[in-house]
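1. Predicted structure and sequence below. I'll ask about it afterward.
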Amino acid sequence: MWLYRTSGDTDRHIVLFEYQPGRSGEYPKRFLGNFKGYLHTDGYAGYHTLSDVKVVGCWVHMRRKFEDAYKVAGFGTTAHEAIRRIGALFHLEDLWSGMPPDKRHEKRLEESKPLAVAFFVWLETLKVLPKSVLGGAVYYALSQRPWLMNFYLDGRTELSNNRAENAVRPFTIGRKNWLFCNSVKGARASSVVYSIIETAKANGLKPFEYLTFLFETIPNATTSQLDALLPWGELVPERCRMPVKKEVA
């Protein structure tokens, strides 16, 4: 199951699941078509051959490798230092989260990028066993450096691919219950249902209420009304919306 979603820099969030029979890089190439822009991904090499696309690597995926090494080595080790350095980048992003993209881009180039460059220079000085957990983490980080550093090309990009990770998680957790559901038609139907549910959630809607609304409305809707039934459409009733959390003084 492949997942595509819009970035955080949009008012209308779209989450799309697509079933394909394998992991070939041809599938995202076919899906994205003539798309031009930034694409946040994990380290899968299949994305790196896409034309007119700037792949932005995920620093969380890379950090997990060092977290595995930290579990073996512990506090005060090289793995711990790597996690600390990466954490400094995320801390800065938290400080700048409310800034406009252009201003955030300036701050990143001034304060964050030098830390990232120093991190990779430091990794190159390390002497580690290639087949150790730490050695694997260092190799992965250095091999992913070109795409990880693409984060600094635009103020709208993000350090992690967590938006997509969070969107696909309900499916990956649920599939443990579907050991005997092996129909291709069922997989495609699931991709449609999950696309609707996760898009609804991403736009602040209650999935059950929204699905109920769609089932009740679509049979009698005209073609011209379909856009208004989308999660951000004017025909979506208030009962479908999540309550707004009030800030506690």
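-> Yes, it's here.
2. my guess is Gly46 meets Gly22, correct?
-> No - applying CB atoms under 8 Å as the test, Gly46 and Gly22 come out as separate, 10.2 Å apart. Every C-beta, even on glycine, is put in place using the N, C-alpha and C of the backbone.
3. what sits up against the least confident helix or strand in the chain by mean pLDDT?
-> Sorting the helices and strands of the chain by mean pLDDT, DSSP states H and E puts helix 162-174 at the bottom, at a mean of 90. For helix 162-174, the surrounding residues in contact (CB atoms under 8 Å, 6 or more residues apart in numbering) are 1, 3-5, 7-8, 15, 17, 40, 58, 60, 190, 194, 197-198, 202.
4. Kindly recompute the last result at 6 Å.
-> By CB atoms under 6 Å, 6 or more residues apart in numbering, the residues outside helix 162-174 that reach it are Leu3, Arg5, Val15, Tyr194, Glu198.
5. Repeat that for stretch 205-216.
-> Ile197, Ala200, Lys201, Pro231, Arg239, Cys240, Arg241.
6. All the strands of the protein, in order from the start?
-> Here the chain has its strands, by DSSP state E, at 2-5, 15-18, 37-40, 53-56.
7. can you list the ones you listed in JSON lines and add mean pLDDT, distance to Tyr70 and mean neighbour count?
-> Converted to JSON lines, the strands of the chain look like this (pLDDT from 0 to 100; distance: least, CB to CB, whole Å; neighbours: other CB atoms under 10 Å):
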{"stretch": "strand 2-5", "mean pLDDT": "96", "distance to Tyr70": "29", "mean neighbour count": "18"}
{"stretch": "strand 15-18", "mean pLDDT": "96", "distance to Tyr70": "32", "mean neighbour count": "20"}
{"stretch": "strand 37-40", "mean pLDDT": "96", "distance to Tyr70": "25", "mean neighbour count": "18"}
{"stretch": "strand 53-56", "mean pLDDT": "96", "distance to Tyr70": "25", "mean neighbour count": "20"}
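8. between those, which one is nearest to Leu142?
-> With CB to CB as the criterion, Leu142 lies closest to strand 53-56 of those, at 16.4 Å.
9. Let me see the domain layout of this protein.
-> Recorded structural domains for the chain (assignment: automatic domain parsing) are 2-37+161-203, 58-153, 205-243.
10. Quick check: mean pLDDT of the last one?
-> To tie it back to what came earlier, the one meant is domain 205-243. Averaging pLDDT along domain 205-243 yields 96.
11. Kindly provide the whole-number mean pLDDT of stretch 59-68.
-> 96.
12. can you pull the buried residues of it?
-> For stretch 59-68, the neighbour count (16 or more other CB atoms under 10 Å) marks Trp59, Val60, His61, Met62, Arg63, Lys65, Phe66 as buried.
13. From Met1, how far out is the fourth one?
-> Met62 sits 23 Å away from Met1 when distances are taken as CB to CB, to the nearest Å.
14. swap in the fifth one?
-> Plainly put, Arg63 is 25 Å away from Met1 if you go by CB to CB.
15. Next: Leu142.
-> Counting by CB to CB - Leu142 and Met1 are separated by 30 Å.
16. Repeat that for Met149.
-> As judged by CB to CB, Met149 and Met1 stand 29 Å apart.
17. how far away is Gly33 from Val53?
-> 11 Å.
18. Return the residue of the chain that is most distant from the centre.
-> The C-alpha centroid of the chain is most remote from Asn220, which lies 36.1 Å away (CA atoms, centre = their mean).
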